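1. Could you work out the structure for the sequence below:
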Amino acid sequence: LIHAHCAVYGGIIAQYISGKLNIPYIITEHQHFIFDYFSDHTFRLSKAALEGAAKVLSVSRFQSRMILMNGVACDPVVIGNFVDEAIFRPGTDKPNNIFRILTIGFHTHLKDMKTFFRSLGVLNKLGLKNFQAVIISPKYNGAYIDYKQYAKDLGVQHQCLFIEELEREKIVELFQECDVFVSTAIAETFGVSVAEALMCGKPVVVTDSGGINDFVTDGINGFIADVRDHKSIARNILRVHGGELTQTHHDIRAAVVEKYGREAFLNKLSEAYYSLLTKKTLTANTV
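-> Modelled structure (predicted):
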């Protein structure tokens, strides 16, 4: 059995190896299907790889819909993503009078970081002055967007701490130290950083970006705003600051562990493998 992650390029290679060795292959799809990401040739190859796979797994219901919207003839099964509860765990609360907002914004337009900085400007106008926004901003495929200039243009640069790269352990510490995690993405096939924040017991404020709808419940473990609605993002941050969410850190974490922790994910993956090897049908009923 060959298991590839993403049709481009793992699935394309898996299909080739499968044809040579007569071994079935599975693809777990994570990527966005955006027309300017790939050439027509690459898209045709990836579509053929998905259609030739013995099974297509997707990381969210939103991802499944994107696959099907592109006319791929398959029945994707939602499996989610693995989020390691041994790494992402609650820390010890520290007394701090600064309200800390954390976001992770790769240098891509899909993260829509301008909306994030606009929301910080609204927070100032609404009277929340004593906050710090921590922005982890790794480059994406070499691309660079001047987020510091965004912050300067909107007058919030003095309340922002920019971090380009961090070791994994340090990122966990920032999750543990924040009061809320914010994502202003236009589209998320899953939303790994959102799930990691929840795994650390932190509430989230997110946009209605797709994949997060599988595990963020508005008013329970976070708040969901419309895409590019910076005013709603700001108001929702204030709602977290005001204590409107009543779930404990333990309850916020437990719900994500139950769906995407090690045992849950291995069970779903094992079911996918064994259903293929034993020729049983794995129902794709969660799209």
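
2. residue contacts, Phe116?
-> Going by C-beta atoms under 8 Å, 6 or more residues apart in numbering, Phe116 touches 103, 105, 133, 135, 182, 184, 230, 233. For glycine as for every other residue, the C-beta is placed from the backbone atoms N, C-alpha and C.

3. Which strand or helix spans it?
-> Here Phe116 sits within helix 113-125, counting by DSSP states H and E.

4. Only C-alpha atoms, please: export that helix in CSV.
-> The C-alpha trace of helix 113-125 is given here as CSV (Å, rounded to 0.1, in the frame of the first residue of the first chain):
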residue,chain,number,x,y,z
MET,A,113,-3.3,39.4,7.5
LYS,A,114,-4.4,42.9,6.5
THR,A,115,-7.8,42.0,8.1
PHE,A,116,-6.0,40.9,11.3
PHE,A,117,-4.1,44.3,11.6
ARG,A,118,-7.3,46.2,10.8
SER,A,119,-9.0,44.4,13.7
LEU,A,120,-6.2,45.5,16.0
GLY,A,121,-6.9,49.1,15.0
VAL,A,122,-10.6,48.6,15.9
LEU,A,123,-9.6,47.2,19.3
ASN,A,124,-7.8,50.5,20.0
LYS,A,125,-10.9,52.5,19.0
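
5. which residues touch the helix or strand that comes right after it?
-> Downstream of helix 113-125, the first helix or strand assigned by DSSP H and E is strand 131-136. Contacts with strand 131-136, where a contact means C-beta under 8 Å, 6+ apart, come from 98-105, 113, 116, 120, 123, 147, 156, 159-164, 166, 171, 174, 178.

6. repeat for stretch 56-65
-> 26-30, 50, 67, 72, 74-81, 187-190, 210-211, 213-214, 272, 284, 286-287.

7. Could you tell me the model confidence score at Phe38?
-> With respect to pLDDT, Phe38 scores 83.

8. which residue packs closest to it, ignoring adjacent ones?
-> Val8 (6.1 Å; C-beta to C-beta, 6 or more residues apart in numbering).

9. cool, Glu196 as well?
-> In space, Glu196 is closest to Phe88, 4.8 Å off (C-beta to C-beta, 6+ apart).

10. That neighbour - how many residues pack around it?
-> Using other C-beta atoms under 10 Å, Phe88 is surrounded by 24 other residues.

11. distance between stretch 224-240 and the chain's centre?
-> Centroid separation between stretch 224-240 and its chain, computed with C-alpha atoms, centre = their mean, to the nearest Å, is 18 Å.

12. Please list the residues outside that stretch that contact it.
-> Contacts for stretch 224-240 (C-beta under 8 Å, 6+ apart): 101, 112, 115-116, 118-123, 126, 128, 179-180, 182, 184, 186, 203, 205-209, 212-213, 216, 218, 222-223, 245.

13. My reading is that the residue nearest to Glu196 lies in a strand. Confirm?
-> No - under DSSP: H, G, I helix; E, B strand; the rest coil, Phe88 sits outside any strand and is assigned coil.

14. wait, isn't it in contact with Met199?
-> Yes - assessed by C-beta atoms under 8 Å, Phe88 is found in contact with Met199 at 3.9 Å.

15. Not counting residues beside it along the chain, what's closest to Asp214?
-> With C-beta to C-beta, 6+ apart, the residue lying closest to Asp214 is Ser60, at 5.0 Å.

16. distance between the helix holding Phe116 and the chain's centre?
-> 21 Å.

17. again with stretch 241-256
-> Counting by C-alpha atoms, centre = their mean, stretch 241-256 comes out at 19 Å from the chain centroid.

18. which other residues reach it?
-> Counting by C-beta under 8 Å, 6+ apart, 83, 85, 89-90, 99, 128, 179-180, 195, 198-203, 215, 219-223, 239 sit against stretch 241-256.

19. so how far is the first residue of that stretch from its last?
-> End-to-end distance of stretch 241-256 (C-alpha to C-alpha, to the nearest Å): 22 Å.

20. Right, I'll leave it there.
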